[in-house]
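[1] sequence-free structure coming up:
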């Protein structure tokens, strides 16, 4: 068969392949048309809505169109509540990631090999090498071989010391591991609750207070981690704690934890007006304030950073809600505290004495507390305990 015959055979077989490919393209065209139709329907549905869902909001949080058939003010409230729920969800995910990272870091520290094992292995290898060398020397000697063996079998003071140290090393390791977890101990009569304040089981704490003490807290004290919103918030000072937005602090369940009593809230200059509105929102009346004058170790005024003036004081607002506690004692101390400045965000110890003198034998709660804030007969809540 010649070249012309082969070419004609190829030409005859070509239309069948083209037909297949054309059919394949038809199927793809149909699927693409179906996809485009579904996309168009979705777009038409979203375009038909007067209040479409923004990109940053999850689908399960955005309400249906029927919920927006109200006034503009009601619609703004709906959008605000959705945004707050979205922010809470994002912060919960971040908090879980940080918590998991902390757990993973603790596990790696515990599971990492200690230096003592490496030292023990080196000592074992050196001891084996010394025994082999001593055995070869004894084999070369004739008359002194039996005496050398006897001497080598006899316990030496160095070997007894090594045996004692090898026995005591496992015990030391156990003690080190126990000390790693028992290094810090809270005060014996304090009640620390390590949790995120935003997820505090309020009803459980409230029921426990009513069950065991017959009332809610007399005094609530807090040092909120105010969020600084300026262009250069810290001015060269590193902040070693997580900050909270104003709406998170406003949503704290303070109203449910106290019916009658006082609140002590530390405030910075940038949040002074907002703190006053917080007291009013939570149902308190501003009755007094405590000013802490910071001092150095040499009892001089400790000036720190400030935008207009150098700050050398901090203010603690005192609010009252309902009636006075039954065991309140007025006029206990001055409203000015002169105390040495300690670590970052650490408040003076005198403020606890003021509270306990104002309401002796009372029920005290501190929010946003740390380990250095724990005191006997205080309930302390915070995520750094």
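    Nice, I can see it. It should be emphasised that the depicted structure is a prediction, and the values quoted were computed from it without experimental measurement. Numbers count the residues shown, from 1 in each chain.
[2] count the neighbours of the closest residue to residue 301 other than its chain neighbours for me.
    What sits nearest to residue 301 in space, not counting adjacent residues and going by CB to CB, 6 or more residues apart in numbering, is residue 312, at 5.0 Å. Using the backbone N, CA and C atoms, a C-beta is placed for each residue, glycine as well. A count of nearby residues for residue 312, using other CB atoms under 10 Å, gives 16.
[3] quick check: residue 312 touching residue 305?
    No. Using CB atoms under 8 Å, residue 312 is not in contact with residue 305; the gap is 10.7 Å.
[4] which residues touch the residue nearest to residue 301?
    293, 294, 301, 302, 303, 304 (CB atoms under 8 Å, 6 or more residues apart in numbering).
[5] can you pull the pLDDT of residue 109?
    Note on residue 109: pLDDT of 45.
[6] with residue 251 instead?
    Confidence at residue 251, expressed as pLDDT, is 91.
[7] tell me, how many residues neighbour it?
    12.
[8] could you give the number of residues near residue 255?
    13.
[9] if you could redo that for residue 209, that was the one I meant.
    By other CB under 10 Å, the residues close to residue 209 number 18.
[10] for it, which three-state class applies?
    helix (DSSP: H, G, I helix; E, B strand; the rest coil).
[11] quick check: which ranges of the chain have low pLDDT?
    1-49, 95, 98-183, 229-241 (pLDDT under 70).
[12] where along it do the helices fall?
    Under the criterion DSSP state H, the chain contains helices at 3-48, 72-111, 115-140, 145-153, 157-182, 202-212, 246-250, 254-257, 272-282, 350-358.
[13] max-length strand in the protein?
    Criterion DSSP state E: the longest strand present in the chain is strand 285-295.
[14] neighbouring contacts of that strand?
    Strand 285-295 has contacts (CB under 8 Å, 6+ apart) with 262, 264, 276, 279, 301-302, 304, 312-321, 335-341, 347-348, 351, 354.
[15] what comes up buried for that strand?
    Within strand 285-295, the residues scored as buried using 16 or more other CB atoms under 10 Å are 290, 292, 294, 295.
[16] mind putting the residues you listed into TSV with distance to residue 325?
    Shown next, in TSV, are those (distance: CB to CB, whole Å):
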residue	distance to residue 325
290	18
292	24
294	30
295	32
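[17] closest to residue 381 among those?
    residue 290 (21.4 Å; CB to CB).
[18] and which of the contacts of residue 312 is nearest to residue 361?
    residue 293 (29.4 Å).
[19] hey, what's that closest one bridged with?
    For residue 293, the beta-bridge partners under DSSP bridges are residue 313, residue 338.
[20] separation between it and residue 327?
    Distance, residue 293 to residue 327, by CB to CB, to the nearest Å: 29 Å.
[21] please apply the same query to residue 76.
    46 Å.
[22] now render the contacts of residue 312 as TSV, adding distance to residue 72.
    As requested, those are exported to TSV (distance: CB to CB, whole Å):
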residue	distance to residue 72
293	49
294	48
301	52
302	51
303	49
304	45
